[in-house]
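Trainee: need a 3D model of the sequence below.
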Amino acid sequence: MPAPLELDDDRLLPVDPTTRAIARDLYAAVAELPIISPHGHVDPAMLRDDAPFSDPAELFITKDHYVTRLLHAAGVDLAAVGAGRTTGADPRAVWRALAENWHLFAGTASGYWLTHELVTLFGIDVEPSAETADAIYDTIAARLAEPAYRPRALFDQFRIDVLATTDDPMDDLAVHAELAADETFHGRVLPTFRPDAYLDPAAPAFRTNVERLTASNGTPVDDFAGYLTALEARRAHFIAHGAVSADHGVVEPYTVDLADDEAAALYRRAVAGDLGAAGIRAFRGNMLLRMAGMSARDGLVMTIHPGVHRNHSTATFDRFGPDTGHDIPLTTTYTQNLRPMLEKHGLERGLQIVLFTVDETVYSREIAPLAGFYPSVYIGVPWWFLDAPDAVLRFRSAVTETAGFYRGSGFIDDTRAFLSIPARHDMARRLDSAFLARLVGEGRISRAQAERIAVDLVTTVPKKAFKL
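Mentor: Next comes the predicted model:
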């Protein structure tokens, strides 16, 4: 007899019956509110084209490195689950690899999301396993052929109000323009300016990227002033297409204030391929600071998510490429690293900076205190390895006593896995309701305060943090 696949109505809510009752009421008030997703990685062409999803494997597995990395850790070849550059993987075989290893996901955030998706969207009521794999695959595949399971229909079903994508600075944003002009599509899909590959001399295609950038501005590749002007022009292009934020994925949030002539000298050496490690770090740090200055002037919210060693496994990167599950967290420090930037721009009215981390130790020690003083600094919610139930509750405990509830970003799903968006936001709403219910039960806030905060965390807070 296959094991049942179930979702408890009170999942993630407190076990104590008194607190659970409060949490139920708080959650009920927010459960159906629209989703604001101001940072993610869904391909906008999916919504423009509105083509049916090809198969369950593509939908649930091949593009979700949360899933593929854990299977890889258990000895499953990434090629067997269609990861990265893999071509020709049999979708049914990919699905079977997940089903046969379903037990590995018990207690994980990805297991929780997958269960939510299978039960709520497809009515699956038995656990994936070697015995049930084909039947579940066939059920999902049949549903994907129905109009109700095409991307736009699901977008509406998910009640997504705002969805931000992540885009290369040289993208013409034609897809976003088409979506904005399409009267049959009622969502708001916003581009996000992601300039990392144009600011980091260690990036593999830095010279090529900068050549394209400066050519768009008609200036020589080694002209630092022209380089800055070109970046500003591309930012303006994004703003004209609805962008509200610029996203910076850096190794460390190091900033340094350099005079124009010093920065120009580093830049010329960078495009010549003549910078050592110290010069690369200085150039990165100065450009992160200059990006804050641009955000203060043009209004793009600056999000910073540092502290990840990208492509930790060289052999895996060479075979499968990036974003295939082997990005590993590093220790992060903000207080000293950001001081030059905050000294120069931190009190400017036009600047809003959202600080994310995958190093939990920095929440109470640095991020919450910074956001508790600087009007420009907001607390990024748990991201990537930390967007999991217990980590979210630890986050709330770590930052709330210092900075309260209104200095945050609102929940960020940061996902390529489109179907997981409602599961992730629902998880966050349940956990926030649980945390607020505890504070009410302990007499630390009133019931009325908790009711207002629960709603604000999914409406007012993200709208303010991202200027929506």
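Trainee: how's this structure carved up into domains?
Mentor: Annotated domains of the chain cover 53-149, 153-465 [automatic domain parsing].
Trainee: Val15 is nearest to which of those domains?
Mentor: domain 153-465 (9.9 Å; C-beta to C-beta). Yep, even glycine has a C-beta here, placed from its N, CA and C like the rest.
Trainee: just how off-centre is the closest one within its chain?
Mentor: 8 Å (C-alpha atoms, centre = their mean, to the nearest Å).
Trainee: what mean pLDDT does it get?
Mentor: The average pLDDT for domain 153-465 rounds to 97.
Trainee: end to end, how far does it reach?
Mentor: Terminal residues of domain 153-465 lie 28 Å apart, using C-alpha to C-alpha, to the nearest Å.
Trainee: next: stretch 184-192.
Mentor: End-to-end distance (C-alpha to C-alpha), stretch 184-192: 23 Å.
Trainee: also stretch 44-55?
Mentor: Start and end residues of stretch 44-55 are separated by 19 Å (C-alpha to C-alpha).
Trainee: how about that stretch: buried residues?
Mentor: Neighbour counts over stretch 44-55 (16 or more other C-beta atoms under 10 Å) mark Pro44, Ala45, Met46, Leu47, Arg48, Asp50, Phe53, Asp55 as buried.
Trainee: so what's the last one up against?
Mentor: Shown here is Asp55, whose contacts under the criterion C-beta atoms under 8 Å, 6 or more residues apart in numbering are Pro91, Arg92, Trp95, Ala141, Leu144.
Trainee: would you mind checking which of the residues you listed is nearest to Ser397?
Mentor: Trp95 (38.4 Å).
Trainee: avg pLDDT for the helix or strand hosting that closest one?
Mentor: Using DSSP states H and E, Trp95 sits within helix 91-100. In this model, helix 91-100 has an average pLDDT of 97.
Trainee: right, and the helix or strand after that helix?
Mentor: With DSSP H and E, the next secondary element past helix 91-100 is helix 109-122.
Trainee: just want the most central residue of the protein.
Mentor: By C-alpha atoms, centre = their mean, the chain has its centre lying nearest to Asp414, at 1.9 Å.
Trainee: surely that one is in contact with Gly40?
Mentor: Yes: counting by C-beta atoms under 8 Å, Asp414 touches Gly40, with 5.9 Å between them.
Trainee: okay, buried residues for stretch 381-396 please.
Mentor: 381-389, 391-396.
Trainee: wait, which of those is closest to Asp161?
Mentor: Taking C-beta to C-beta as the measure, Val381 is the one of these closest to Asp161, at 17.6 Å.
Trainee: ok, now which ones touch that closest one?
Mentor: Residues counted as contacts of Val381 (C-beta under 8 Å, 6+ apart) are Phe356, Asp387, Val392, Phe395, Gly408, Ser409, Gly410, Phe411, Ile412, Ala428.
Trainee: going by neighbour count, which of the contacts of Asp55 comes out on top?
Mentor: Within the contacts of Asp55, neighbour counts (other C-beta atoms under 10 Å) peak at Trp95, which reaches 26 neighbours.
Trainee: so what's the residue count around Gly279?
Mentor: Every residue meeting other C-beta under 10 Å relative to Gly279 is counted, giving 15.
Trainee: likewise Ala240?
Mentor: For Ala240, using other C-beta under 10 Å, the count is 10.
Trainee: that older thread, do you know which of the domains of the chain lies nearest Leu12?
Mentor: For the domains of the chain, the distance to Leu12 is smallest for domain 153-465, at 4.1 Å, taking C-beta to C-beta.
Trainee: does His326 sit in a helix or strand, and which one?
Mentor: Assigned by DSSP H and E, His326 belongs to no helix or strand.
Trainee: how about it: what's its closest non-neighbour residue?
Mentor: Spatial nearest neighbour of His326, excluding adjacent residues (C-beta to C-beta, 6 or more residues apart in numbering): Ser313 at 4.3 Å.
Trainee: right, and the one you found touches Pro322 too?
Mentor: No: look at Ser313 against Pro322 with C-beta under 8 Å: they stay out of range, at 11.1 Å.
Trainee: still on that earlier bit, dump the domains of the chain to JSON lines, plus distance to Pro34.
Mentor: Below are the domains of the chain laid out as JSON lines (distance: least, C-beta to C-beta, whole Å):
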{"stretch": "domain 53-149", "distance to Pro34": "17"}
{"stretch": "domain 153-465", "distance to Pro34": "4"}
